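Colleague: I need the structure of the sequence given here:
(2 chains)
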Amino acid sequence: AQSVAQPEDQVNVAEGNPLTVKCTYSVSGNPYLFWYVQYPNRGLQFLLKYITGDNLVKGSYGFEAEFNKSQTSFHLKKPSALVSDSALYFCAVRDLTGANNLFFGTGTRLTVIP
Amino acid sequence: DAGVTQSPTHLIKTRGQQVTLRCSPISGHKSVSWYQQVLGQGPQFIFQYYEKEERGRGNFPDRFSARQFPNYSSELNVNALLLGDSALYLCASSREGSAHNEQFFGPGTRLTVL
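Modeller: Okay, here's the model as predicted:
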């Protein structure tokens, strides 16, 4: 079965500091991994994906994620946080055994402090 | 280009009633998926449709049903509503049902069951 875990419900970071939002995965086979962001009263916005290739994936709004197969992790990172990055972040893995739907983590609320 | 659109934005129903939620995918996208997001949790997969056929179904009771129309829009129906059906219902579209394609989400329909 495919699943992802986001070990931190809440992450606080000062504006201008680097940020990391953690995600670990459990899959049988090669993982297809995604990060989405959700702003209040909004749907989910796609940030980036890892399918294959370079372990460092660059995405929207200056975000990037590092795929680490040995640690089964796919952490989201940004070198310098903005107050506008404050939102709910979801890691997801694709179900390759059925409908190609996404399995989401429980989400991490990021707060960037001015 | 317009993104994924959903209607209505908000809906209040009472237990036992039936509800229909609507989704229009991004132009050119043939696959539509439905997710349920309960407050404080990540989205849970309900259905996926591709080319008007059901491609997959999540772990939801038969009270939940859906369909996709020739123009690729979709409806989600929920019968005999329960209090626990209160959630944000998200529709996502992708160009096709391939695992490589990211899903683009609409703003959601907030359903409240009283």
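Colleague: Only C-alpha atoms from now on, for both contacts and neighbour counts.
Modeller: OK.
Colleague: how close does the nearest residue to B:Ile12 once chain neighbours are set aside get to B:Gly84?
Modeller: Among residues not flanking B:Ile12 along the chain, B:Thr112 sits closest, at 4.8 Å (Cα to Cα, 6 or more residues apart in numbering or on different chains). Relative to B:Gly84, B:Thr112 is positioned 9 Å away (Cα to Cα, to the nearest Å).
Colleague: Chain A contacts on chain B?
Modeller: Residues of chain B that fall close to chain A, judged by Cα under 8 Å from any Cα of the partner chain: B:33, B:40-45, B:48, B:55-57, B:90, B:97-100, B:102-108.
Colleague: Among those, which are located in helices?
Modeller: Among the residues of chain B next to chain A, no member falls in helices (criterion: DSSP state H).
Colleague: What subset of those residues is buried?
Modeller: By neighbour count, with 16 or more other Cα atoms under 10 Å in any protein chain shown, the residues of chain B next to chain A hold B:33, B:42-45, B:48, B:55-57, B:90, B:97, B:99-100, B:102-108 as buried.
Colleague: quick one: low-confidence ranges for the chain?
Modeller: Defaulting to chain A. Judged by pLDDT under 70, chain A has its weakly predicted residues at A:98-99.
Colleague: Please refer instead to chain B.
Modeller: Chain B contains residues with pLDDT under 70 at B:1, B:97, B:99.
Colleague: How about it: which residue is closest to chain A?
Modeller: The nearest approach of chain B to chain A comes at B:Pro107, 3.9 Å away (Cα to the nearest Cα).
Colleague: Pull the contacting residues for that residue.
Modeller: With contact set as Cα atoms under 8 Å, 6 or more residues apart in numbering or on different chains, B:Pro107 has these partners: A:41-44, B:4-6, B:9, B:90.
Colleague: in the strand or helix carrying the residue nearest to B:Ile12, what counts as buried?
Modeller: B:Thr112 is located in strand B:109-113, with elements delineated by DSSP states H and E. Within strand B:109-113, the residues scored as buried using 16+ other Cα under 10 Å are B:109-113.
Colleague: Would you confirm that A:Ile113 contacts A:Ser84?
Modeller: No. Between A:Ile113 and A:Ser84 there is no contact under Cα atoms under 8 Å: 10.0 Å.
Colleague: Find the residue closest to A:Ile39 in space, skipping its chain neighbours.
Modeller: Rather than Ile, residue A:39 is Tyr. Nearest non-adjacent residue to A:Tyr39 (Cα to Cα, 6+ apart): A:Ala87, at 5.2 Å.
Colleague: One more: B:Thr20?
Modeller: Nearest residue to B:Thr20, sequence neighbours excluded (Cα to Cα, 6+ apart): B:Asn77, at 4.5 Å.
Colleague: Show me what the residue nearest the centre of chain B bridges to in the sheet.
Modeller: Per Cα atoms, centre = their mean, the C-alpha nearest to the average position across chain B is that of B:Trp34, at 3.0 Å. Under the criterion DSSP bridges, B:Trp34 forms beta bridges with B:Phe47, B:Cys91.
Colleague: For chain A, which segments count as strands?
Modeller: Using DSSP state E, the strands of chain A run over residues A:3-5, A:10-14, A:19-21, A:24-26, A:33-38, A:44-50, A:56-58, A:64-68, A:73-78, A:87-94, A:102-104, A:108-113.
Colleague: A:Glu66: neighbour count?
Modeller: 16 (other Cα atoms under 10 Å in any protein chain shown).
Colleague: who touches the closest residue to B:Thr14 other than its chain neighbours in this structure?
Modeller: In space, and not counting its chain neighbours, B:Thr14 is closest to B:Leu114: 4.6 Å by Cα to Cα, 6+ apart. Contacts for B:Leu114 (Cα under 8 Å, 6+ apart) come out as B:12-15, B:83.
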